[in-house]
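> Return a 3D structure for these sequence lines:
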Amino acid sequence: MTNAFIIGAGIGGIATALRLKKLGYNVTIFESNSYPGGKLHAINLNEYRFDLGPSLFTMPHLVTELFELFDVKSSAHFEFFEKEIICNYFWEDGLRFSAKSNFTSFIEDASKSFNEPREKIQNYLQGNQKKYDLTASLFLEKSLHKINTYLSRDTLIAIAQLGKLDINNSLNYLNKKTFKNPKLVQLFNRYATYNGSSPYKTPGIMSMIPHLEMYYGTYFPKGGMHRISLSLYDLAKKQNIEFKFEEKVEQILVKNGKVTGVATNQNNYNADIVVSNMDIYSSYKKLLKNEKHPKKVLAQERSSSALIFYWGISKEFPELDLHNILFSDSYEKEFHSIFETKNLSSDPTIYINITSKEETTDAPKGHENWFVMINAPGNYGQDWNALKKQARKAIIKKINRILKIDLELLITTEYVLDPVAIENNTSSYRGALYGAASNDKFSAFLRHPNFSNKIKNLYFCGGSVHPGGGIPLCLLSAKIVSDLVPKPN
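Numbers count the residues shown, from 1 in each chain. A predicted model of the protein is given here:
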């Protein structure tokens, strides 16, 4: 049987393994950690459970279709439900806004809260949908680096509509041009963080990101986000996909311009194809040291990282939901700090995720498990111990001001994850959550393709290559790879 090796058991790697197994490959996944899931992992601290990585779940069909490939009923192994409230937003002046998933309700509520005409909000959201419909098949579902992609009818239509895609101006420019209320501008600007970019740099085409959330919905997987990767891991094992945990790949073996296998810290193995789910920078710098590197791709600006405090809280907050945002008063300064000075803002926007709102067993009775995150620069050698102390104080002060509490008295347990730990745990260069940033209108085209131009039978999946970071795009990268690989013998 034809052998396919996957390097990395992140969600993109597992999804690729499942798709290649369905094609008829004999699949083995090598993972340096002792667990599957990559960034999509979890920990238990005292009586609290915390998801360590991604906290937003949308486009669940990309997960369930992996079960359907093998005629397995997904609901028997993986359950989820849609959230009525997408996110609760808080500002320092006391304004609070609950964004509802219902399209009509969102428009009505936003119009009242931000004093913006309903028609203007509706037209903006419908424009976002048009952008997505025009470009999804080009930017998300196919390889941007194959000529056949550009010969399709959908692509030709998209190219003809380039003027309507807002690629020449920033997301912030588009939002300020559309809305008068700076708070609504800020609300829609925040979607740039979904790919680790700055709304003041990323092109206006990124306004299609809220469409994914509003059209496809926001969901909660029963058992928490970690259940997504665990359910796919269980499915993979049942399909006889082999996992080699704590076996680190040290080199991708190449001979005469063709992949021959991998060398690990334990053995050498022969393979017909190899797929790296490792960060693209690390894939070249660590596994392909003797091969020619794509210098321009590897030199791209990295996406933002994160500083996350996992706090057990000895109180319940009815005003909070699963997803909550406490906005900075100086949003532009915050992104300038992250991308220009590589520092933390003194007034950061705070994201609070509380899975115990949906899974009561994630925290003791009367308590909540808070995943408290701020956007951060990547690891450029900063004094992270000092930055963490500074950030902790700023975060607690801001939460105290907005929620009118003394948070320090409520924290019962604490765990901290910074860009250094993210880099060390996931091999993500500089701790970047999404690989390259999308702070340029050509960013999508500059992302590394899902295959190698120089080495036959070498492929790439995951958040650091096309089409980008985040759970849905990682799953789509797996789909693209499965369309590119040759049929097994």
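
> Tell me where the model's unsure across the stretch 51-200 of the chain.
For the stretch 51-200 of the chain, residues meeting the criterion pLDDT under 70 lie at 137-164.

> residue ranges for the helices of it, please.
For the stretch 51-200 of the chain, the helices defined by DSSP state H, counting those that start in this stretch cover 61-68, 103-114, 118-135, 153-160, 171-178, 182-189.

> Just name the most buried of those helices.
helix 182-189 (a mean of 22; mean count of other Cβ atoms under 10 Å). Quick note: C-beta positions are derived from backbone N, CA and C, even for glycine.

> List the contacts of that one.
Helix 182-189 is contacted from outside by 89, 91, 95, 97, 99, 110, 114, 116, 121, 124, 171-172, 175-176, 178-179, 199, 207, 210, 327, 331, using Cβ atoms under 8 Å, 6 or more residues apart in numbering.

> Check stretch 81-97 too.
In contact with stretch 81-97 (Cβ under 8 Å, 6+ apart) are residues 98-102, 106, 109-110, 113-114, 183, 187, 213-214, 217-220, 222, 319-327, 329, 398, 401-403.

> got the contact list for Glu414?
Going by Cβ under 8 Å, 6+ apart, the list of residues near Glu414 reads Phe309, Tyr310, Trp311, Gly312.

> Check for me that Arg49 belongs to a helix.
No - under DSSP: H, G, I helix; E, B strand; the rest coil, Arg49 falls outside any helix and is assigned strand.

> mind listing what it touches?
Counting by Cβ under 8 Å, 6+ apart, Arg49 touches Ala42, Ile43, Gly224, Thr355, Glu359, Thr361, Asp362, Ala363, Asn369.

> what's the distance between the nearest residue to the second one once chain neighbours are set aside and Arg190?
Read that as Ile43. Of all residues not flanking Ile43 in the chain, Phe50 sits nearest, at 5.5 Å (Cβ to Cβ, 6 or more residues apart in numbering). Applying Cβ to Cβ, to the nearest Å, the value for Phe50 to Arg190 is 23 Å.

> go on, Asn88?
Asn88 sits 13 Å away from Arg190, going by Cβ to Cβ.

> which residues do these two both contact?
Ile325.

> coming back round to it: so which of the contacts of Glu414 wins on neighbours?
Trp311 (25 neighbours; other Cβ atoms under 10 Å).

> Paired strands for the helix or strand containing that residue, with orientation please.
Following DSSP states H and E, the helix or strand that holds Trp311 is strand 305-313. Strand 305-313 pairs in its sheet with strand 368-376 (antiparallel), strand 411-417 (antiparallel), by DSSP bridges.

> Save those as JSON lines, and put in distance to Gln300 and mean pLDDT too.
Output for the strands paired with strand 305-313, formatted as JSON lines (distance: least, Cβ to Cβ, whole Å; pLDDT from 0 to 100):
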{"stretch": "strand 368-376", "distance to Gln300": "18", "mean pLDDT": "98"}
{"stretch": "strand 411-417", "distance to Gln300": "24", "mean pLDDT": "98"}
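
> could those strands go into JSON lines alongside distance to Phe81?
Shown next, in JSON lines, are the strands paired with strand 305-313 (distance: least, Cβ to Cβ, whole Å):
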{"stretch": "strand 368-376", "distance to Phe81": "19"}
{"stretch": "strand 411-417", "distance to Phe81": "27"}
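
> For Ser55, find the nearest of those strands.
strand 368-376 (6.1 Å; Cβ to Cβ).

> residues contacting the residue nearest to Gln382 when sequence neighbours are not counted?
Nearest residue to Gln382, sequence neighbours excluded (Cβ to Cβ, 6+ apart): Lys342, at 6.6 Å. The neighbourhood of Lys342, defined by Cβ under 8 Å, 6+ apart, consists of Pro377, Gly378, Tyr380, Gln382.

> ranges for the helices of the stretch 251-400 of the chain?
Using DSSP H, counting those that start in this stretch, helices in the stretch 251-400 of the chain cover 280-282, 295-298, 331-336, 384-403.

> residues in contact with the third one?
Looking back up the chat, that one is helix 331-336. Contacts of helix 331-336 (Cβ under 8 Å, 6+ apart): 172, 186, 189, 198-201, 328, 345, 347-349, 375.

> can you do 10 Å?
By Cβ atoms under 10 Å, 6 or more residues apart in numbering, the surrounding residues in contact with helix 331-336 are 172, 182, 185-186, 189-190, 192-193, 197-202, 304, 327-328, 330, 343-349, 374-375, 439.
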